[in-house]
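[1] below are the sequence and a predicted model; questions follow.
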Amino acid sequence: MDNIAVKFIYKRISDNLYRWAESSQHNRYDKNQLIIILKLLNKHTPNWKKLEIRTTDISIEPETRSERAEYWNFCDEVKEKTWIWTQDAMRKNLFVDFHRMWFIERYDKNLTKIAPFEKWQVKYVWLSKLWEDLVNARSLLEEYLIFSRWLDNLLWWYISILLELLTYNEYNIKYIDFYEYMFFISAIDLDCKYSFRINIDEAIDLIKSRRCLTKLQREWEISKLKWILNPDIFYWDKTEKRDFWNRKNKVQQAFYLLWQSAYFEIYDKTKIILKVSNIWGEIFSLKWVKRSKTEKDKYFENHKISKNTWFELHHVVPLSWSKSKEQFELLDNWKNMLYIDAYSHAKITQQWNGYVIMDNKNDDIILSNYSWNKIELEENENIIYNKSQWNTIKNYNTRLLEI
């Protein structure tokens, strides 16, 4: 079929890295249950003591050792308060997600801290400093916004990407359907090792191209993909194995979590739209996040530069970090943007967009995270900007980080 969207999908599934990034799977929990679990974890880790958890499945080691009795008590109380989860599910699924949202920390047997997406045997868990922001939110709306900010980490920054797509009037993208998310949205800003990595503009072209197909044509292509991506028919080795239903479950979990964010609803179980419902007992609509590209245009105007095919505008402090309408508008400002190359943009995205502290080294700009890891953006090689605007954007960055 001579359709760029269809061609892209088949290009993607032919890549051995088709599986793409790690993600949340098999966990159906909501924000309220997360808060209950965090409060119980605080209760069961008094006096700054880390919680020792089991390291093997309960089917292999059914006995509870004395040093892990507190973990048993914790899981038992969680089950009583939330009606779900076993000791195995807690350590293998829930704690993994909560760590990737930065609400907890995990440690190995030597009490060495483990990175959120690192695969290593975990023996201890502890609350991070961030959990109190969520449980002590001043309003229900702020609670949802804080949850959304850290959920963005777990979902590899696709909340920020979806906000970009759905809020700009010029894009005219009113929804994202299930398979558009599966094949196109999940390919945006991936690491450059993926042959199917695309940017937002390319994703928009693919979405619009797929929507030019008739409903029957789209259904026919999906039925073919279900057959091609059937591991029971095609016996690839593990590195090449493709499984349509595994990918579908991955997207279903993402939709379930996105529905709990401050920004999105899931219409008819198949489409992501901006949230418009009155879910907090007060009139709330996301009309305030509908934007024009005015601020983007201001970047080029104020920096006196032209657009470059290989560069992308990047919000230094992400939109998903906002805790209110007013903060959202402050973040969506040309002074919070940098025009950087696609490789650097992907690198920042793949490291959870934490590089929010701006500094300079001669004419180069350095972005740091709160662990003081740095990404250096070389002028004209990795970033295009007007040096005369440095004080303006630096002062604005300092202001945003103090909010």
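    Thanks, I have it.
[2] not counting its neighbours along the chain, what's nearest residue 316?
    residue 336 (5.4 Å; C-beta to C-beta, 6 or more residues apart in numbering). Any C-beta I mention is one placed from the backbone N, CA and C, and that applies to glycine too.
[3] report pLDDT for that neighbour.
    With respect to pLDDT, residue 336 scores 97.
[4] how many other residues sit next to it?
    Close neighbours of residue 336, defined as other C-beta atoms under 10 Å, add up to 23.
[5] pretty sure it is touching residue 395, no?
    No: the criterion here is C-beta atoms under 8 Å, and residue 336 misses it with residue 395 at 11.6 Å.
[6] can you pull the phi/psi pair for the residue nearest to residue 316?
    Backbone torsions for residue 336, taken as degrees, to the nearest 10, come to phi -100, psi 20.
[7] now residue 62
    phi -70, psi -20.
[8] going forward, begin numbering at 5 instead of 1
    With the count now opening at 5, the last piece we talked about shows up as residue 66.
[9] and it, how close does it get to residue 97?
    Applying C-beta to C-beta, to the nearest Å, the value for residue 66 to residue 97 is 20 Å.
[10] and the two? which has more neighbours close in?
    Using other C-beta under 10 Å as the criterion, residue 66 and residue 97 rank with residue 97 on top: 17 against 7.
[11] for that one, which non-adjacent residue is closest in space?
    The nearest residue in space to residue 97 (C-beta to C-beta, 6+ apart) is residue 31, at 4.8 Å.
[12] burial count for that neighbour?
    Quick note: residue 31 (other C-beta under 10 Å) scores 17 neighbours.
[13] wait, doesn't it sit right on residue 98?
    Yes: counting by C-beta under 8 Å, residue 98 is a contact partner of residue 31 at 6.1 Å.
[14] got any ranges where the stretch 155-304 of the chain has weak pLDDT?
    Scanning the stretch 155-304 of the chain for pLDDT under 70 picks out 237-245, 280-294.
[15] report the secondary structure state of residue 318.
    strand (DSSP: H, G, I helix; E, B strand; the rest coil).
[16] thought residue 168 was touching residue 204?
    Yes: counting by C-beta under 8 Å, residue 204 is a contact partner of residue 168 at 5.9 Å.
[17] I'd like the distance between residue 320 and residue 343.
    11 Å.
[18] cool, and residue 102?
    From residue 102 to residue 343 the distance is 35 Å (C-beta to C-beta).
[19] repeat that for residue 34.
    For residue 34 relative to residue 343 (C-beta to C-beta), the value is 38 Å.
[20] the more surrounded of those two?
    Neighbour totals were compared for residue 34 and residue 343, and residue 343 leads with 21 against 14 (other C-beta under 10 Å).
[21] now that one. Nearest residue, chain neighbours left out?
    Take residue 343 and drop its neighbours on the chain: the residue closest to it by C-beta to C-beta, 6+ apart is residue 388, 4.7 Å away.
[22] now that neighbour: phi and psi?
    According to degrees, to the nearest 10, residue 388 has phi -120, psi 120.
[23] list the contacts of it.
    Residue 388 makes contact with 307, 309, 312, 315, 343 under the criterion C-beta atoms under 8 Å, 6 or more residues apart in numbering.
[24] closest to residue 189 among those?
    Residue 189 lies nearest to residue 315 out of those, by C-beta to C-beta, at 21.0 Å.
[25] give me the neighbour count for that closest one.
    19.
[26] contact partners for residue 72?
    56-58.
[27] now neighbour count and pLDDT too, for those, in CSV please.
    Listed next are the contacts of residue 72 as CSV, based on neighbours: other C-beta atoms under 10 Å; pLDDT from 0 to 100:
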residue, neighbour count, pLDDT
56, 17, 96
57, 21, 96
58, 20, 93
